[in-house]
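Q: Please work out how this folds:
(one chain, ligands or ions: 1)
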Amino acid sequence: MDINTAIAEMHRAVTLEALQSLKVHYLGKNGLLTQEMKALGKLSPEERKERGRVLNEIKQALENAVRGREKELEAQALQSQLERESIDVSLPGYAFPAGGTHLTSQMQAELLSTFRRMGYSVVEGPEVESEFFNFDAINMPDWHPARDMQDTFWLKDSGDFDVMGPEGERVNNLGGLLMRTHTSPMQIRYMIEHTPPFKIVVPGRVFRYEQTDASHEAMFYQLEGLVVGPDIAMSDLKGAILELARSLYGAQAKARFQPTYFPFVEPGAQFALWWPEREKWLELGGSGMVHPNLFKAADDYRQKMGLPRVYDGMTGFAFGMGIERLALLRYGIPDIRYFYQQNRLSFLRQFKN
Ligand code: FA5
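A: Numbering: from 1, shown residues only. Got it, this is the predicted structure:
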C-alpha cells in the first residue's frame with residue numbers, strides 16, 4: 001500500500017460516496033491498512049514497535065485526508081444546493097388563476113352584513129322540506145288557493161325518506177316532501193325552537209316548477225326576515241326595510257309599501273326601493289305582520305313536544321325578497337338566466353371581486 005497514492009486518490013474523490021468507499025478500502029474492517037495492522041502480531045517485539053509507530057502515522061495521515069476531503073465535498077454540496085435553490089426575487093411571478101365569488105353570493109354577503117349590523121342573527125334551513133312547514137303551518141292548508149301561486153317540485157317516495165323536524169327529530173307525518181318553494185318555512189321552524197324576542201334573517205336556495213324567462217328562474221335565492229317580540233309594529237318593518245335601502249343605496253334611499261296578499265301575513269305588503277341611479281322603484285319582495293295563525297301553529301307544535309306556549313301576546317313582522325332580482329336591477333342585467341344556466345364566465349367575470 002502506497003500512502004501517497006492513497007492520499008492522492010482521496011483528494012481526487014469527487015463525491016462523498018466515492019470518498020466513503022476509499023475510506024472502507026483503506027481503513028475499513030478488511031481494509032489494506034487494517035490488514036497490515038493485523039500482521040503486526042507476526043513480527044518480533046522490536047520490529048513490531050517500529051512498524052506499529054509507522055502504521056499509526058499512516059493511519060493518522062489517511063484519516064486526516066478523509067476528513068479534509070469530506071469537509072471540502074460537503075462545502076461544495078452545500079454551495080451547489082444554495083445555487084440551485086436561490087430565488088431571483090426580481091423575476092415576474094406566476095399567475096395562479098383563482099376563482100371569484102359568484103354575484104349571488106356577493107349580493108347575499110352584502111345583505112347579511114347589513115342585517116347583522118342591525119342585530120339580526122343568520123340562520124339556515126333545509127332545502128328538502130315537508131308540505132307541513134312549506135304550506136300548512138304557515139296558513140296555507142291544501143285547499144288554499146294561494147298554493148297555486150307557487151308551483152312545486154314534489155319528491156317521489158316520501159314514505160321512505162323522513163324529514164328532519166325542528167328539534168332534529170326525524171318525522172314522517174308532515175305530509176309529502178318537496179323542494180322548498182320559499183324560505184318562509186324557516187319562520188315556523190325557528191319559532192318552534194326559540195322563545196321570543198328574536199330577529200333573524202334566513203338566506204337560502206328555493207325551487208319553483210315554472211317556465212323560466214328573463215326574470216324567473218326555477219332555482220333562485222331568497223332572503224327571509226322574521227322579527228318577533230311583545231311590541232313589534234308595522235313601523236318597525238318599514239324601518240328595517242328603509243335601513244336596508246340606505247345601506248344599499250345611500251342616505252337618499254326611499255322605500256315604498258303597497259298592500260298585497262300573502263297567507264302568512266296580515267296585513268301584507270309588497271315593498272320596493274327607490275333606485276336613485278335609474279330614478280325608479282325596484283320591486284324587491286313581500287312582507288307583512290306575522291299572521292296570528294302562525295303563532296298558533298308554532299305554539300301547538302311546541303305543546304305537542306311538551307314545550308310551553310310562548311307566543312300569546314306576541315307580534316312580529318316578516319319579509320322575503322329575491323336576491324338575484326336585486327342584483328339584476330342594480331347592475332342592469334337583462335336576463336336572470338345568465339346567473340346559472342349558461343354559467344358563462346364572460347358574464348360572471350364582470351362581477352369578480
Ligand atoms: C314569497 O316567496 C313569500 N314567501 C315572501 C314573503 C315572506 C312574504 C314573508 C311575506 C312575508 P314571492 O313568491 O312574491 O313571495 O317571492 C318573493 C320574491 O322572490 C319576489 O319578489 C322576487 O324577488 C323573488 N322571486 C319570486 N319568484 C322568482 C323566480 N321564479 N325567479 C327569481 N326570483 C323570484
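Q: Could you pick out the residues of the protein near the ligand for me?
A: Residues of the chain found near the ligand (CB under 6 Å from any ligand atom) are 182, 184, 208, 210, 216-217, 220, 222, 224, 262, 264-265, 268, 285-288, 318-322, 324-325, 336. The way it works is simple: take the backbone N, C-alpha and C, and place the C-beta from them, glycine included.
Q: Please indicate which of these are buried?
A: Buried by 16 or more other CB atoms under 10 Å: 182, 184, 208, 217, 220, 222, 224, 262, 264-265, 268, 285-288, 318-322, 324-325, 336, out of those.
Q: May I ask which helix or strand encompasses Gly119?
A: According to DSSP states H and E, Gly119 maps onto no helix or strand at all.
Q: Enumerate every residue touching the residue nearest to it when sequence neighbours are not counted.
A: Excluding the flanking residues, the one nearest Gly119 by CB to CB, 6 or more residues apart in numbering is Lys199, at 5.8 Å. Shown in contact with Lys199 (CB atoms under 8 Å, 6 or more residues apart in numbering): 118-121, 225-227.
Q: shouldn't Leu328 be in contact with Ser215?
A: Yes - with contact defined as CB atoms under 8 Å, Leu328 reaches Ser215; the gap is 7.0 Å.
Q: Give the residues shared as contacts by the two.
A: Common neighbours of Leu328 and Ser215 (criterion: CB under 8 Å, 6+ apart): Ile336.
Q: Same drill for these two, tell me which one is more crowded.
A: Leu328 (21 against 16; other CB atoms under 10 Å).
Q: And the closest residue to the more buried one other than its chain neighbours, how far from Met179?
A: Of all residues not flanking Leu328 in the chain, Ile336 sits nearest, at 5.8 Å (CB to CB, 6+ apart). Separation of Ile336 from Met179 (CB to CB, to the nearest Å) stands at 18 Å.
Q: and the residue of the stretch 151-300 of the chain found nearest the ligand, what are its bridge partners?
A: Residue nearest to the ligand within the stretch 151-300 of the chain: Gly286 (2.9 Å; CB to the nearest ligand atom). Beta bridges link Gly286 to Gln270, Gly320, judged by DSSP bridges.
Q: Next, the contact list for it, please.
A: Contacts of Gly286 (CB under 8 Å, 6+ apart): 260, 262, 265, 268-271, 319-321.
Q: Distance to Gln342 and pLDDT added to those, as JSON lines?
A: Shown next, in JSON lines, are these (distance: CB to CB, whole Å; pLDDT from 0 to 100):
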{"residue": "Thr260", "distance to Gln342": "33", "pLDDT": "96"}
{"residue": "Phe262", "distance to Gln342": "32", "pLDDT": "94"}
{"residue": "Val265", "distance to Gln342": "36", "pLDDT": "97"}
{"residue": "Gly268", "distance to Gln342": "35", "pLDDT": "97"}
{"residue": "Ala269", "distance to Gln342": "35", "pLDDT": "97"}
{"residue": "Gln270", "distance to Gln342": "30", "pLDDT": "96"}
{"residue": "Phe271", "distance to Gln342": "31", "pLDDT": "94"}
{"residue": "Phe319", "distance to Gln342": "31", "pLDDT": "98"}
{"residue": "Gly320", "distance to Gln342": "27", "pLDDT": "97"}
{"residue": "Met321", "distance to Gln342": "24", "pLDDT": "96"}
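Q: so which of those residues would you say is closest to Ala298?
A: Val265 (14.7 Å; CB to CB).
Q: which SS state does Arg325 fall under?
A: For Arg325, the assignment made with DSSP: H, G, I helix; E, B strand; the rest coil gives helix.
Q: Against Glu283, how distant is it?
A: Here the criterion is CB to CB. By it, Arg325 lies 7 Å from Glu283.
Q: List the buried residues for stretch 42-54?
A: Arg51.
Q: who's in contact with that stretch?
A: With contacts defined as CB under 8 Å, 6+ apart, stretch 42-54 is touched by 37, 40-41.
Q: Most neighbours among these, which one is it?
A: Counting by other CB under 10 Å, top hit in these: Met37 with 16 neighbours.
Q: wait, isn't Lys238 in contact with Lys254?
A: No - using CB under 8 Å, Lys238 is not in contact with Lys254, being 11.0 Å away.
Q: More neighbours: these two, which one.
A: Using other CB under 10 Å as the criterion, Lys238 and Lys254 rank with Lys238 on top: 17 against 14.
Q: so where's the stretch 151-300 of the chain shaky on pLDDT?
A: Residues of the stretch 151-300 of the chain meeting the criterion pLDDT under 70: 157-173, 276-277.
Q: how about the helices in it?
A: Secondary structure of the stretch 151-300 of the chain (DSSP state H, counting those that start in this stretch): helices at 185-193, 234-249, 292-304.
Q: what's the answer for the stretch 1-150 of the chain, then?
A: Counting by DSSP H, counting those that start in this stretch, the helices of the stretch 1-150 of the chain are 3-12, 16-27, 32-38, 45-85, 103-117, 131-134.
Q: Take those helices and lay them out in JSON lines including mean pLDDT.
A: Output for the helices of the stretch 1-150 of the chain, formatted as JSON lines (pLDDT from 0 to 100):
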{"stretch": "helix 3-12", "mean pLDDT": "90"}
{"stretch": "helix 16-27", "mean pLDDT": "93"}
{"stretch": "helix 32-38", "mean pLDDT": "90"}
{"stretch": "helix 45-85", "mean pLDDT": "92"}
{"stretch": "helix 103-117", "mean pLDDT": "95"}
{"stretch": "helix 131-134", "mean pLDDT": "91"}
